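Visitor: Just a sequence and a predicted model for now, questions to come.
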Amino acid sequence: MGGILLDATVVAVMVGWFLFLRPGSLGGPVTYIVIHGSSMAPTYHDGDVVLTRQQGSYHAGEVVVYRVPQGQVGAGHMVIHRLVGGSPQTGFTTRGDNNSFIDPWKPTAADVMGSSWVHLPRLGRLLVFIHQPLVPATVAALITVFTIMRSDQRRVRPPATVPGSR
């Protein structure tokens, strides 16, 4: 009974992730952004993670993630800033909350990847740390050592015999 419940829970979590949290790179509706810099302070800080979801339309006041349009300096880079004007057809005007100037880019609706949905303070610092090559290498080495140690302990050794006993 417990095994079935565990299996059902795992399937439910996987389906939920697939429907609601799957990143855009896998065809999903969510973009994961790690904040770098201070242009969105005090809303977001360096090292925060923000999940954005695709919307049917966007309006002034929303925080969005967009790719810098092709043909412009920085093309393809992702930016998370607030919409302050413009239109989906001619291009939005964006600005970081901590910036006194508007962005030089004019992303259209096609460039916008989503609007802010979930904010996870400081989680990005952990993600950046985990992605350092030494971290997974250390984890793999520790798993290997523990696996070898456990296999040595599980080996069945024949009982010792005393000479002259039956």
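Guide: Structure's in. What do you need?

Visitor: what's the weakest-modelled helix or strand in this protein?
Guide: helix 123-130 (a mean of 80; mean pLDDT, DSSP states H and E).

Visitor: Check which helices and strands it sits against.
Guide: Packing partners of helix 123-130 (3 or more Cβ pairs under 8 Å, 6 or more residues apart in numbering; DSSP states H and E): strand 30-34, strand 49-53. Using the backbone N, CA and C atoms, a C-beta is placed for each residue, glycine as well.

Visitor: Just confirm Ile80 is within a strand.
Guide: Yes - under DSSP: H, G, I helix; E, B strand; the rest coil, Ile80 falls within a strand.

Visitor: now Gln132: how far from Thr138?
Guide: Computed as Cβ to Cβ, to the nearest Å, the Gln132 to Thr138 distance reads 10 Å.

Visitor: wait, Ala41
Guide: 33 Å.

Visitor: ok so, going back, how far does the least confident helix or strand of the chain sit from the chain's center?
Guide: Relative to its chain's centre, helix 123-130 lies at 10 Å (Cα atoms, centre = their mean, to the nearest Å).
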